[in-house]
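**Q** Give me a model of this one.
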Amino acid sequence: KLTALCRSLPQVQAALEAGVGMIYADFEFIKQFPAAIEAVRAAGKQIALATPRIHMPGENGYHNNILRLQPDAVLVRNTGALYYYLRHRQENPSAAHPRLIGDFSLNIANHKTAELFLEAGCDVITPSYDLNIQQMVDLLSVSPTAEMEIVIHQHLPMFHTEHCVYCTFLSEGTDYTNCGRPCEEQRASLRDRIGMSHPVRVDEGCRNTVYNAIEQSGAEYLSHFLELGVPSYRVEFLEETPDQVHEVIDLYSRALRGEISGTQVWKTLKATNQLGVTRGQLIK
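**A** Numbers count the residues shown, from 1 in each chain. Presented below is the predicted three-dimensional model:
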């Protein structure tokens, strides 16, 4: 199956129209979640809500709000969040609980960490972005692939910071109490030395994540993953229009059905043909 991580309501609606059965909502502000949940439930599909990448002391309220919204699943991005949801399961055994999907940032890079997080309570796990294709195949060969999901298309998050670009350059304020929240109305990017503009997005805690400007695709390796029994593949969107969402989902759906090659996918999208953070220092 193909799942889609969306960062705006129009992307959610486009992914639903394209036939995706599982939507991940990764919105900057929790107040945006209810509209996505309503749209997904109206379409008879399932939705997972993403936690922030960083979990600081005193921030459990965010996770409590996610539970209150009753999603089908939670995309868990750090061990602090995982601990919170697992403890809630233990303390409320008779209540309905969302499935827990461990994201790449849990750094599941070998079969030992795969076993660790599955035994801890994750229902699905996502391999680390640190793996090149040979390392990924090695991991999948000795791990329970039926409980895995691979991110096959994305804008790679390059780094996270507590320094807020929006507050610094788009307001006269000094923090969230007096900046006027320009992040809610505007979009910022960081331009590198060769002129590429890398999008900057915020989270509820005013932290910034900088994403690579160019999409990265692992479509060329789909046949390997299918042979190894991986059942779920995620495409992640950032600033794509609804038409672009349709195109990406259509291409990957056709590739999963064997109608086109993975090479055709990444060349059509003009994406980088790469799986993780690097191809690996020993691969020429």
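
**Q** Tell me the backbone dihedrals of residue 197, please.
**A** phi -100, psi 110 (degrees, to the nearest 10).

**Q** Who are the packing partners of whichever strand or helix holds residue 49?
**A** Here residue 49, judged by DSSP states H and E, is contained in strand 46-50. Where contact means 3 or more CB pairs under 8 Å, 6 or more residues apart in numbering; DSSP states H and E, strand 46-50 is packed against strand 22-25, helix 33-42, strand 73-76. C-betas here are computed from N, CA, C, even on glycine.

**Q** what about the helices in the stretch 151-284 of the chain?
**A** Applying DSSP state H, counting those that start in this stretch to the stretch 151-284 of the chain gives helices spanning 165-170, 222-227, 242-256, 262-269.

**Q** of those helices, which approaches residue 45 most closely?
**A** helix 242-256 (13.1 Å; CB to CB).

**Q** distance of the nearest residue to residue 244 once chain neighbours are set aside from residue 226?
**A** Leaving out its chain neighbours, the residue that sits closest to residue 244 by CB to CB, 6 or more residues apart in numbering is residue 237, at 7.8 Å. To residue 226, residue 237 is 23 Å away according to CB to CB, to the nearest Å.

**Q** Also residue 52?
**A** To residue 226, residue 52 is 32 Å away according to CB to CB.

**Q** So between these two, which is more surrounded?
**A** residue 52 (22 against 14; other CB atoms under 10 Å).

**Q** residues in contact with the more buried one?
**A** Residues near residue 52 by CB atoms under 8 Å, 6 or more residues apart in numbering: 59, 62, 77, 81, 203-205, 207.

**Q** among those, which ones are buried?
**A** Buried subset of the contacts of residue 52 (neighbour count, 16 or more other CB atoms under 10 Å): 59, 62, 77, 81, 203-204, 207.

**Q** Could you work out the most separated pair of those residues?
**A** The span of those, defined through CB to CB, is set by 81 and 207 at 14.2 Å.

**Q** Need the pLDDT of residue 205.
**A** If you check residue 205, the pLDDT there is 85.

**Q** Any idea how many residues pack against residue 73?
**A** 20.

**Q** what residue ranges in the stretch 151-284 of the chain score low on pLDDT?
**A** 275-284 (pLDDT under 70).

**Q** switch to 80 and redo it
**A** Scanning the stretch 151-284 of the chain for pLDDT under 80 picks out 271-284.

**Q** Now the phi/psi pair for residue 51, please.
**A** phi -80, psi 160.

**Q** Excluding chain neighbours, what is closest to it?
**A** For residue 51, the closest residue by CB to CB, 6+ apart turns out to be residue 81, at 4.4 Å.
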